[in-house]
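K.L.:
fold the following and give me the result.
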Amino acid sequence: MASLGCDVIIGARDILTAEAVIKASQRNNSKGKITFIPLDLADTGSIKKFAELVPFEKIDFLINNAGVMRIPERRLTKQGEEMQWGVNHLGHFYLTFLLWPKIKRSPNFRIINLSSMGHKKNFMRSINPTPDFDDINYEKSYDPAIAYGKSKLYNVLFTRALAQRIDPTRGKVLSVHPGGVRTDLTREMKLSIVAKIAAGLLYPVYWFITKNPWQGCQTTLYCALSDDVENGCYYADCKKDSENVEVTQGNWERLWDISEKHLGITFKTD
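P.N.:
Numbers count the residues shown, from 1 in each chain. Got it, this is the predicted structure:
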């Protein structure tokens, strides 16, 4: 985005990682300015401070890209929400809410929510993510893979709910599956010794079938920049893809209401 002349703000917890990205962009002679502002999506106080520090009068692109994956034990955000629900969905919902006054000033904004193919049925583990609005924080039971899949489903539901609330001639909201990308997203996963050995043996195959970060951002860039995308839809490999059958108006409206309740806000888009 910076190479196209956009001024970019990177929100992240790790300043060293952010600085490395900024330096790499500078080496590529980016036309836009890149700024780092600390952001921890597991803390609504940090999210609010980040939003207050954004210096722009309007925001043309918001890419909700952060995430945690399959945390082995049930862990909580600073405000007491289960971590995958709290970071992957609720943190992005709150950030979008806080930045909305600046987003709607753009004549043609784009909001991109990074989801995953994990929001759909996983035949390998017979996981079929379905909303559980009565146990949204997994106080009754917790499975890291199920919690992750549901958080990615909530990304798609949030996309649909917000898309229904905006004028599509003024902007678009989309969700994307970036593909299997070689990042540290899986850092929280615990593998058995056998699984670790198998992963080591299969690493050449893993390298062949996964994407590097540049390849992994292509669908995000396509959805941000293309005129040929449909408001509210889910994309993978730069084309529209099917969604979980649980992506229904009843589910996305209930998620919206629950998200507002957990954050103590009312998100009006008019």
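K.L.:
quick one: low-confidence ranges for the stretch 1-150 of the chain?
P.N.:
For the stretch 1-150 of the chain, the stretches with pLDDT under 70 are 123-126.
K.L.:
okay, helices next: where are they in it?
P.N.:
15-27, 44-53, 83-84, 92-103, 144-163 (DSSP state H, counting those that start in this stretch).
K.L.:
wait, is N251 part of a helix?
P.N.:
Yes: assessed by DSSP: H, G, I helix; E, B strand; the rest coil, N251 belongs to a helix.
K.L.:
going forward can the numbers begin at 18, since that is how I track them
P.N.:
Got it, first residue is 18 now, which makes that one N268.
K.L.:
so how many other residues sit close to it?
P.N.:
N268: 20 surrounding residues under other Cβ atoms under 10 Å. C-beta coordinates here come from the backbone N, C-alpha and C atoms, glycine included.
K.L.:
with L116 instead?
P.N.:
L116 sits with 18 neighbouring residues when counted by other Cβ under 10 Å.
K.L.:
ok, the closest residue to L115 other than its chain neighbours to K75 distance?
P.N.:
Nearest non-adjacent residue to L115, counting by Cβ to Cβ, 6 or more residues apart in numbering: A68, 3.7 Å away. From A68 across to K75, the span is 14 Å (Cβ to Cβ, to the nearest Å).
K.L.:
give me the phi and psi for Y251.
P.N.:
Torsion angles at Y251 (phi, psi; degrees, to the nearest 10) stand at phi -110, psi 130.
K.L.:
correct me, but it touches P195?
P.N.:
No: look at Y251 against P195 with Cβ atoms under 8 Å: they stay out of range, at 12.0 Å.
K.L.:
thinking again about what came up before, out of A68 and K75, which sits in the more crowded spot?
P.N.:
Ranked by neighbour count (other Cβ under 10 Å), A68 and K75 place A68 first, with 20 against 12.
K.L.:
list the contacts for the more buried one?
P.N.:
Neighbouring residues of A68 by Cβ atoms under 8 Å, 6 or more residues apart in numbering: L112, L115, L116.
K.L.:
quick one on the thing from earlier: the helices of the stretch 18-167 of the chain: which one's closest to E277?
P.N.:
Among these, the nearest to E277 by Cβ to Cβ is helix 109-120 (8.5 Å).
K.L.:
tell me which other helices or strands that closest one touches.
P.N.:
Counting contacts by 3 or more Cβ pairs under 8 Å, 6 or more residues apart in numbering; DSSP states H and E, helix 109-120 is packed against helix 61-70, strand 78-81, strand 126-131, helix 161-180, helix 266-280.
K.L.:
before we move on, back to that, go through the contacts of A68 and name the one nearest S168.
P.N.:
Using Cβ to Cβ, L112 is the member of those that lies nearest S168, at 15.1 Å.
K.L.:
one step back: how about a markdown table for the helices and strands packed on helix 109-120, with distance to L107 added?
P.N.:
Rendered in a markdown table, the data for those read as follows (distance: least, Cβ to Cβ, whole Å):
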| stretch | distance to L107 |
| --- | --- |
| helix 61-70 | 8 |
| strand 78-81 | 11 |
| strand 126-131 | 13 |
| helix 161-180 | 8 |
| helix 266-280 | 6 |
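K.L.:
ok so, going back, nearest to I275, of the contacts of A68?
P.N.:
Nearest to I275 among the contacts of A68, counting by Cβ to Cβ, is L112 at 17.1 Å.
K.L.:
might you report the residue contacts of the closest one?
P.N.:
G28, L56, L58, I64, F67, A68, L79, N81.
K.L.:
compare the residues you listed and tell me which is most surrounded.
P.N.:
Result: L58 is most packed of those (other Cβ under 10 Å), 26 neighbours.
K.L.:
got the domain boundaries for the protein?
P.N.:
Domains of the chain are assigned by automatic domain parsing as 18-55, 58-280.
K.L.:
export these to CSV and tack on distance to T286?
P.N.:
Output for the domains of the chain, formatted as CSV (distance: least, Cβ to Cβ, whole Å):
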stretch, distance to T286
domain 18-55, 22
domain 58-280, 4
